[in-house]
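Asks: Below: sequence and its predicted model.
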Amino acid sequence: MELTGERLAQQVPILYGGSVSLDNAACFTALRDVDGVFIGRSAWDPAGLASIIRSAVS
């Protein structure tokens, strides 16, 4: 925030891009400052991806 100021810093979306899976997606999306997740290999299986999405939005 020192470089941009708090107002601009608050507008930057935070996307978690670690090892997102069905087991932890809901935990990451529940965090106040996390705006979304980047799902890597877990998204290769369409049914698995759908499960992760349902978990994260519930």
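Replies: Arrived safely.
Asks: number of nearby residues for residue 16?
Replies: Other residues near residue 16 number 19, with proximity taken as other Cβ atoms under 10 Å. From N, CA and C alone the C-beta is placed, and that goes for glycine too.
Asks: tell me how far the lengthiest helix in the chain is from the chain's mean position?
Replies: Longest helix in the chain by number of residues, with DSSP state H as the criterion: helix 46-57. Taking Cα atoms, centre = their mean, to the nearest Å, the mean C-alpha location of helix 46-57 is offset from the chain mean by 12 Å.
Asks: Over to stretch 18-28?
Replies: That offset, for stretch 18-28, works out to 8 Å (Cα atoms, centre = their mean).
Asks: Dump that stretch to CSV, restricted to CA.
Replies: What follows is stretch 18-28, C-alpha atoms only, in CSV (Å, rounded to 0.1, in the frame of the first residue of the first chain):
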residue,chain,number,x,y,z
GLY,A,18,-1.9,-22.4,-4.5
SER,A,19,-2.9,-26.0,-4.5
VAL,A,20,-6.7,-25.4,-4.6
SER,A,21,-8.7,-28.6,-4.3
LEU,A,22,-12.1,-29.8,-3.2
ASP,A,23,-10.8,-30.1,0.3
ASN,A,24,-9.7,-26.5,0.7
ALA,A,25,-11.5,-24.3,-1.9
ALA,A,26,-14.3,-23.3,0.5
CYS,A,27,-11.7,-22.3,3.1
PHE,A,28,-9.9,-19.9,0.7
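Asks: Make residue 1 into 195 and carry on from there
Replies: In the new numbering, first residue 195, that becomes stretch 212-222.
Asks: Now do it, average pLDDT.
Replies: Stretch 212-222 carries an average pLDDT of 92.
Asks: buried ones in it?
Replies: 214, 215, 216, 218, 219, 222 (16 or more other Cβ atoms under 10 Å).
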